[in-house]
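> Fold the following.
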Amino acid sequence: MGGSIIGQQALIDRLILVLLANGNMLLEGLPGLAKTRAIKTLASELDCGLSRIQFTPDLLPSDITGTEIYQPELEEKFVFQEGPIFSNLILADEINRAPAKVQSALLEAMEERQVSVAGKTYPMDPLFMVMATQNPVEQEGTYPLPEAQMDRFLMHVIIDYPDDASELAIMRLNRGEQTHAEAEAAAERLDASVIFQARDSIAKVTIAEPMEKYIVDLVSATRYPDKYDKELATWLAYGASPRGTIAIDRASRTHAYMEGRDFVSAEDVRAVLHDCLRHRLILTYEAHAEGINADQVLDMILKKVAVVA
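Residues are numbered from 1 along each chain as shown. All right, here's what the predicted structure looks like:
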């Protein structure tokens, strides 16, 4: 993946982490920063399906989940026709361009890994991940994601422009792809069983009680900031839900596994904290007026909360 997506190594790492942690990812970045290319490349390396759903204001929930089709010649007159959500990797492109009713069509699939249509429940494939993208700049004709849906994403990842050296490499890579359109035969794809084997190993990663308390203290600081700092209390209106605690636990154990360790350290917790909590905090008007964002709030929390042995 690193050979195809240049200058966005953090994005590659997070994409693999969320897949191994059996979660969903919200990816925010300007157009042209390889958001779509990233998940397409991941799908090309794995032996699995990929569905791309372009969210638009006129999209209907049934365009995502599927619908029942009337077939008079069959004994069972109505047959369920699966929508694009029934795949392994789902790219929900520009998810904030569709109204709330359409966005909510993803909720059951993301949380319960099933879809209910006309009183029947249809399970998703065991290998399933939604990567939703949104543009942080253009807000005309968009519908902000409600807090309940934001909470369903394991991580909210923000990417920025690549550096100059990477930009040069991207230009050369694109030129090479145009020149060698016929390219060599694709490399052998990894079987999906590799993901499940990795998940079994991640389940065995240990987390000591001090690390568990550290995670709980970090989340508690978002809910009761006045216990730690008066200025911090003026920035936070609402803190993270228990889903935030669970997300940090899952992500930190996966991060430790990716680093080749069988135990969680404080560095693992700090490495995933921002991506796990930035979309779960609701800031006050004072914070917005002062230009304070969620990342700065989390930076302050990391300074104030200590690891207690």
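> got the buried residues for the lowest-mean-pLDDT helix or strand in the chain?
For the chain, using mean pLDDT, DSSP states H and E, the weakest element among its helices and strands is helix 147-150, scoring a mean of 80. Neighbour counts over helix 147-150 (16 or more other CB atoms under 10 Å) mark 149-150 as buried. For the C-beta atoms, the positions are set from N, CA and C on the backbone; glycine is no exception.
> Quick check: next helix or strand after it?
strand 155-158 (DSSP states H and E).
> can you tell me the average pLDDT over that following strand?
What strand 155-158 shows for mean pLDDT is 93.
> now stretch 217-229
On average, stretch 217-229 scores 93.
> Over to stretch 103-119?
Summarised as a single mean, pLDDT over stretch 103-119 is 84.
> Secondary structure element holding the residue lying farthest from the centre of the chain?
Distance from the C-alpha centroid of the chain, by CA atoms, centre = their mean, peaks at Glu73 (42.9 Å). Take DSSP H and E as the rule and Glu73 turns out to sit in neither a helix nor a strand.
> Next, it: phi, psi?
The phi/psi pair for Glu73 (degrees, to the nearest 10) reads phi -80, psi -10.
> And the pLDDT for Ile186?
Small correction: residue 186 is Ala, not Ile. In this model, Ala186 carries a pLDDT of 54.
> quick one: Glu147 and Thr284, what's the gap?
15 Å (CB to CB, to the nearest Å).
> go on, Phe196?
From Phe196 over to Thr284 (counting by CB to CB), the distance is 43 Å.
> ok, now Phe263?
Per CB to CB, Phe263 is found 37 Å from Thr284.
> Among those two, which residue is more densely surrounded?
Each of Phe263 and Thr284 has its neighbours counted (other CB atoms under 10 Å); Thr284 has more, 15 against 12.
> if I pick the more buried one, what's in contact with it?
Contacts for Thr284 (CB atoms under 8 Å, 6 or more residues apart in numbering) come out as 234-237.
> And it, its phi and psi?
phi -80, psi 170.
> any chance you could map the helices in the stretch 201-309 of the chain?
For the stretch 201-309 of the chain, the helices defined by DSSP state H, counting those that start in this stretch occupy 209-223, 230-235, 242-258, 266-277, 285-289, 294-304.
> what's the closest of these to Gly7?
Evaluated over those, closeness to Gly7 peaks at helix 266-277, with 18.5 Å, by CB to CB.
> how does this structure divide into domains?
As given by automatic domain parsing, the domain ranges for the chain are 9-179, 204-304.
> Report the spatially nearest residue to Arg253, omitting neighbours in sequence.
The shortest distance from Arg253 to any non-neighbouring residue, by CB to CB, 6 or more residues apart in numbering, is to Val205 (4.3 Å).
> my read: that neighbour touches Ser265, true?
No: shown here, Val205 and Ser265 do not form a contact pair, counting by CB atoms under 8 Å, at 10.9 Å.
> joint contacts of the two?
Taking CB under 8 Å, 6+ apart as the contact rule, Val205 and Ser265 both touch Ala256.
> now the residue nearest to Tyr228 when sequence neighbours are not counted: how far from Glu94?
Once flanking residues are discounted, Tyr228 sits nearest to Lys304: 4.3 Å by CB to CB, 6+ apart. Distance from Lys304 to Glu94, counting by CB to CB: 37 Å.
> next one: Phe196
According to CB to CB, Phe196 and Glu94 sit 31 Å apart.
> now do Lys230
To Glu94, Lys230 is 40 Å away according to CB to CB.
> Tell me which of these two has more neighbours.
Legend: neighbour count by other CB under 10 Å for Lys230 and Glu94, higher for Glu94 (18 against 8).
> okay, now the nearest residue to the more buried one once chain neighbours are set aside: neighbour count?
Spatially, and ignoring its direct neighbours in sequence, Glu94 is nearest to Phe55 (5.2 Å; CB to CB, 6+ apart). Neighbourhood size, Phe55 [other CB under 10 Å]: 23.
> go on, Thr245?
Thr245: 18 neighbours (other CB under 10 Å).
> Next: Ser241.
For Ser241, the neighbour count with other CB under 10 Å is 16.
> What are the phi and psi values at it?
Dihedral angles of Ser241 (phi, psi; degrees, to the nearest 10) stand at phi -80, psi 170.
> So it sits against Asp151, correct?
Yes: using CB under 8 Å, Ser241 makes contact with Asp151 at a distance of 5.9 Å.
> who touches both of these two?
Common neighbours of Ser241 and Asp151, using CB under 8 Å, 6+ apart, are Arg280.
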